[in-house]
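Colleague: coords below, sequence missing:
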């Protein structure tokens, strides 16, 4: 049975979706811990209520990214994770940290990568006038939001959308897309070859969301 450690910075709604899917779908895995860089992260209460170990590594208490990442790695390694899942974890990780968990750390990004890396993706999508937007689950590499793509989800951009409406539609899609990708990992269905992800599953890597929030 594989062990997952999920990193959050806030509410952790994607963490909640993964915890629930793991239990309901009976994955060959368990969420060993939920770790936050913010002591006030609301998702910590959800994890504790579900019997999951929690920890806080407060980034404000460290002198620089290297020191923070070293402390974070120590906490993670105590749980011996097979997969580290970034679920709204709002820290840029150092190359050394990323290398430590190479091919076993995932992230979900709220855009159809490689478009709109970084922040404010929904407003940037609206400003660009795209017809579709979405989310991408990828393995984490040292290049921000550029790791091998595991799965993507697409939603339409509707007339009258603002950034908040579009963000809500994408987040709802993430709650289905991200658990699916994590399940593929724990079931040993994913392989990275020449920088591309191969999926041994009769399931689509592209998910289409609805046109309502």
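Modeller: Nice, I can see it. Remember, predicted model here, so these are calculated numbers, not experimental data. Residues are numbered from 1 along each chain as shown.

Colleague: give the next helix or strand downstream of the longest helix along the chain.
Modeller: Secondary structure of the chain per DSSP state H: the longest helix is helix 163-186. Heading C-terminal from helix 163-186, the first helix or strand you meet, by DSSP states H and E, is strand 190-193.

Colleague: coming back round to it: list the buried residues in the longest helix of the chain.
Modeller: Buried residues in helix 163-186, counting neighbours by 16 or more other Cβ atoms under 10 Å, are found at 166-167, 169-175, 177-186. Where C-beta positions appear, they are placed from N, C-alpha and C, glycine not excepted.

Colleague: cool, and stretch 193-209?
Modeller: So, applying 16+ other Cβ under 10 Å, buried residues of stretch 193-209: 197, 205, 207, 209.

Colleague: shaky segments in the chain?
Modeller: Filtered on pLDDT under 70, the chain yields the residue ranges 210-213.

Colleague: what about the helices in it?
Modeller: Using DSSP H, helices in the chain cover 13-24, 43-49, 65-77, 95-100, 121-128, 163-186.

Colleague: ok, which of those comes nearest residue 114?
Modeller: Nearest of the helices of the chain to residue 114, taken as Cβ to Cβ: helix 121-128 at 12.0 Å.

Colleague: got the angle between that closest one and helix 163-186?
Modeller: Following axes from the mean of the first three to the mean of the last three Cα atoms, to 10 degrees, one obtains 120 degrees for the angle between helix 121-128 and helix 163-186.

Colleague: next, count neighbours for the nearest residue to residue 184 once chain neighbours are set aside.
Modeller: Leaving aside its chain neighbours, residue 184 sits nearest to residue 190 (5.2 Å; criterion: Cβ to Cβ, 6 or more residues apart in numbering). Counted by other Cβ atoms under 10 Å, the residues lying close to residue 190 total 21.
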